[in-house]
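Colleague: have a look at this prediction, sequence included:
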Amino acid sequence: MSTTAVLERTTPKLQSAARPRYVSTAILVLVALYCLLPVAWVVIAATKGPEDLFTTFSFWPSFNGGFGYNLSHLLEFRDGIFWKWALNSLLYAGAGSLLSVVISVTAGYALAKYKFSGREAIFRCILAGVLVPQITLAVPQYLLMSKLGLVNSYWSVLLPSIISPYCIYLSRIYASAVVSDDMLEAGRIDGAGEYRLAWSIGIPPMVPGMVTIFLLQFVAIWNNFLLPYIMISDDRHFPMTVGLFSMLNQGASQPALYSLVIMGAFLSVLPLIALFLFLQRYWRIDLVSGAVKG
Amino acid sequence: MAVLAARPVSKPRRLGGAAPYVLLVPALVLLVLFLIIPIGYTVYLSLRASRVTGGGLGLRKESFVGLANYVGAITDSAYAHSVVRMLGYGVVVVPTMLGLALLFALLLDSRGARLKSFTRLGIFLPYAVPGVIASLLWGFLYLPGVSPIRAAFEAVGLPAPDFLGAGSVLFSVANIGIWGGVGFNMIVLYTALRGLPSELDDAARVDGASELQIALRIKVPLIAPALVMTGIFSLIASLQVFSEPSTLQPLTDSISFTWVPLMTIYRDAFVNNDIYTAAAASVMLAIGTLAVSLTVLSFLQKRAFGEDR
């Protein structure tokens, strides 16, 4: 097949291709605007104090100090508990996803690069774990945590968040695809120990997969609602999702809180957007789409 | 390692000795602690109940009751209704979300589309918004008296849609789910499309195939594995919908405290303090989800992967 010959030609049927081009661009732009609509709304609504929120036009910001009012009142709300929630979210998602990466990658590497008895049984268990929704386990995990006396502690959210069968599964696929058996063999002939081999030959090519798993897991924990909602009753241990949910419920009786909730929603969306804009070039989404073959 | 030593060493990779087990220990310990033990404990609890014994003193005692909790949950109309609602939600969300994600991925991959990085990022952005926050934002856009969408309808003299009415609230919740998930699925499918060799595309174009034919006859069958993956995960996600209806609940009477099964389980476990029925319902929900996803997976895998696996 002569690809070069095809590429050298100009696009055939230029006139008829022009119309679909605008149609497809127009569809995508409209959809993107629809997707951005609630985000735009929250940015604009965050500029409005309680008296403007429901009385002025929704898609035009207010400039009479509403933004500053909301921000300062939110940060002072219950002695600055919003900061606490933000830090808690960062702790749960940050520490949880880092530990998850470490555990998933070591397990995935072992499953991909060694043959040992019980390997298939363990892998089947993990695959079944992928298909059992984590969220249906939240109530059972609560019952277990209350037996252990850990309910209402940071551990009750952190520990179940660390283990993700899906991340182990992805790590195994990625390790099979990128870690070279020949290099491991060469290392063994040179007399390197297994852990040294795992560290110096296994880990370096897996870094893009690790970034991907970190991001997927970070978003999953950051967005998780049911687990902390069930486990934690002390509002000083809430993550932002549960904290804002509790404020919204109070808002039903104190509408003045709505503008603070909206400011909180605005502030909580920012860090993840920033994280994605920063890390999106490093992650390997083809891992998720099944294009990386094990 | 007696098992290993007893077998003939045929592959050099087995030389790892204890290393694979050591590397797997942290994952296995956590899997046992937070997956297997909770499942076992829940099955155990689901077969028990706390009954009042001893007449006048009213001592509560836990005892074995067989499948009574399962029967209780199945015959509880709150569960029946919430399961029907959840299935309705899944039937709306999964095909719509995947269909749209595939359409947008194909449009992004088509030759003509412009502004690709803006549109791709814009559609993907909701993935970064937690379900609770998304429901909060959409809740204000739906709420009568506040909704700018309703205001826009009224401004041009049309009847304002009632987003939170009994008949429409399912679609309003579905809209939040689709809004939050379509971008991620689109990116996954788009990445799969980008991985296809461009020679295929060029060859078909030289043979006179239209963009639409290329998309449907060549591209879609080739990314079938990615479609199966996104389909399964969307299905599992839609069967565990919880945070969206819970967040909208204070805003409308159309969403009850038992709107979807997980909300009903939550009510039983934490409001009614009946962890036994909640355990039985959790077991049934987990088994149901597993059964549905395994059925869909085996059906799709035969068609999509062929001899691949």
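Modeller: Looks like it came in fine.
Colleague: residue contacts, A:Pro205?
Modeller: A:178-180 (C-beta atoms under 8 Å, 6 or more residues apart in numbering or on different chains). Glycine gets a C-beta too; all of them are placed from N, C-alpha and C.
Colleague: look up phi and psi at it.
Modeller: Backbone torsions for A:Pro205, taken as degrees, to the nearest 10, come to phi -70, psi -10.
Colleague: which helices and strands does the stretch of helix or strand A:Val101 belongs to pack with?
Modeller: Element membership for A:Val101 (DSSP states H and E) is helix A:81-113. For helix A:81-113, the elements it packs on are helix A:66-76, helix A:119-131, helix A:154-162, helix A:165-178, helix A:207-223, helix A:240-251, helix A:257-279, helix B:19-31, judged by 3 or more C-beta pairs under 8 Å, 6 or more residues apart in numbering or on different chains; DSSP states H and E.
Colleague: tell me the buried residues in it?
Modeller: Judged by neighbour count using 16 or more other C-beta atoms under 10 Å in any protein chain shown, the buried positions of helix A:81-113 are A:81-82, A:84-86, A:88-89, A:91-93, A:96-97, A:99-101, A:103-113.
Colleague: need the contacts of A:Pro205 in JSON lines (columns: pLDDT).
Modeller: Below are those laid out as JSON lines (pLDDT from 0 to 100):
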{"residue": "A:Val178", "pLDDT": "89"}
{"residue": "A:Val179", "pLDDT": "89"}
{"residue": "A:Ser180", "pLDDT": "87"}
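Colleague: out of the residues you listed, which is nearest to B:Ala27?
Modeller: A:Val179 (17.4 Å; C-beta to C-beta).
Colleague: now do the same contact list for that closest one.
Modeller: So A:Val179 contacts A:109, A:112-113, A:201-202, A:205-206 (C-beta under 8 Å, 6+ apart).
Colleague: make it 7 Å
Modeller: Neighbouring residues of A:Val179 by C-beta atoms under 7 Å, 6 or more residues apart in numbering or on different chains: A:109, A:113, A:201-202, A:205-206.
Colleague: do the same with A:Val178
Modeller: A:205-206.
Colleague: circling back: quick check: mean pLDDT across the helix holding A:Val101?
Modeller: In this model, helix A:81-113 carries a mean pLDDT of 94.
Colleague: please state the backbone phi and psi of the closest residue to chain A within the stretch 1-150 of chain B?
Modeller: Using C-beta to the nearest C-beta, the single residue of the stretch 1-150 of chain B nearest to chain A is B:Gly112, 2.7 Å away. Backbone geometry at B:Gly112, expressed as degrees, to the nearest 10, gives phi -80, psi -20.
Colleague: give me the neighbour count for it.
Modeller: 16 (other C-beta atoms under 10 Å in any protein chain shown).
Colleague: which residues touch A:Ser164?
Modeller: Counted by C-beta under 7 Å, 6+ apart, A:Ser164 has contacts A:100, A:104, A:217.
Colleague: which residues in chain B form strands?
Modeller: Using DSSP state E, the strands of chain B run over residues B:48-53, B:59-64.
Colleague: which parts of the stretch 51-200 of chain B sit against chain A?
Modeller: Contact residues, the stretch 51-200 of chain B versus chain A (C-beta under 7 Å from any C-beta of the partner chain): B:104, B:107-108, B:110-115, B:118-119, B:122-123, B:125-133, B:136-138, B:141, B:145-146, B:148, B:179, B:183, B:187-189, B:191-192, B:195, B:199.
Colleague: sorry, back to before: grab the nearest non-local neighbour of the residue of the stretch 1-150 of chain B closest to chain A.
Modeller: A:Arg21 (2.7 Å; C-beta to C-beta, 6 or more residues apart in numbering or on different chains).
Colleague: so what pLDDT did that neighbour get?
Modeller: We have a pLDDT of 70 for A:Arg21.
Colleague: need the next SSE after whatever helix or strand it lives in, C-terminal direction.
Modeller: Using DSSP H and E, the element containing A:Arg21 is helix A:14-45. Next helix or strand after helix A:14-45 toward the C-terminus (DSSP H and E): helix A:50-53.
Colleague: for that following helix, packing partners?
Modeller: The contact analysis (3 or more C-beta pairs under 7 Å, 6 or more residues apart in numbering or on different chains; DSSP states H and E) places helix A:50-53 against helix A:257-279.
Colleague: and the helix it packs on, what's buried?
Modeller: Quick answer for helix A:257-279 (16+ other C-beta under 10 Å): A:257-269, A:271-272, A:275-276.
Colleague: return the distance of the most centrally placed residue in chain A relative to chain B.
Modeller: Residue closest to the mean C-alpha point of chain A, counted by C-alpha atoms, centre = their mean, is A:Val219 at 1.3 Å. Computed as C-beta to the nearest C-beta, to the nearest Å, the A:Val219 to chain B distance reads 7 Å.
Colleague: mind listing what that residue touches?
Modeller: Counted by C-beta under 7 Å, 6+ apart, A:Val219 has contacts A:272, B:127-128.
Colleague: how about low-confidence regions in the stretch 201-309 of chain B?
Modeller: Filtered on pLDDT under 70, the stretch 201-309 of chain B yields the residue ranges B:301, B:303-309.
Colleague: mind redoing it with 90?
Modeller: By pLDDT under 90, the low-scoring segments of the stretch 201-309 of chain B are B:201-219, B:221-233, B:235-241, B:250-253, B:269-270, B:273-275, B:282, B:285-309.
Colleague: near chain A, which residues of it?
Modeller: Neighbours of chain A within the stretch 201-309 of chain B, by C-beta under 7 Å from any C-beta: B:202-203, B:205-206, B:211, B:225-226, B:229, B:236, B:239-240, B:242-243, B:247, B:250, B:262, B:265, B:269, B:275, B:278, B:282, B:285-286, B:289-290, B:293-294.
Colleague: can you flag the buried ones in those residues?
Modeller: Buried among those by 16+ other C-beta under 10 Å: B:202-203, B:205, B:211, B:225-226, B:229, B:236, B:239-240, B:242-243, B:247, B:262, B:265, B:269, B:275, B:278, B:282, B:285-286, B:289-290, B:293.
Colleague: which ones among these lie within helices?
Modeller: B:202-203, B:205, B:211, B:225-226, B:229, B:236, B:239, B:243, B:247, B:262, B:265, B:275, B:278, B:282, B:285-286, B:289-290, B:293 (DSSP state H).
Colleague: what's the neighbour count on B:Ile133?
Modeller: Neighbours around B:Ile133, by other C-beta under 10 Å: 28.
Colleague: A:Gly264 is in contact with that one, correct?
Modeller: No. Taking C-beta atoms under 7 Å as the definition, B:Ile133 is not a contact partner of A:Gly264, at 8.6 Å.
Colleague: okay, and the common contacts of those two?
Modeller: A:Leu244.
Colleague: can you give me the helices for the stretch 51-200 of chain B?
Modeller: Secondary structure of the stretch 51-200 of chain B (DSSP state H, counting those that start in this stretch): helices at B:68-75, B:77-109, B:116-124, B:131-142, B:148-155, B:169-194, B:198-206.
Colleague: please identify the most buried of the ones you listed.
Modeller: Highest mean neighbour count of those: helix B:131-142, a mean of 25 (counted as mean count of other C-beta atoms under 10 Å in any protein chain shown).
Colleague: relative to helix A:14-45, how tilted is it?
Modeller: 90 degrees (axes from the mean of the first three to the mean of the last three C-alpha atoms, to 10 degrees).
Colleague: next, the angle from helix B:131-142 to helix B:169-194.
Modeller: Using the same axes, to 10 degrees: helix B:131-142 against helix B:169-194 is 120 degrees.
Colleague: helices or strands next to helix B:131-142 in the packing?
Modeller: Partner elements for helix B:131-142 (3+ C-beta pairs under 7 Å, 6+ apart): helix A:14-45, helix A:240-251, helix A:257-279, helix B:169-194, helix B:243-248.
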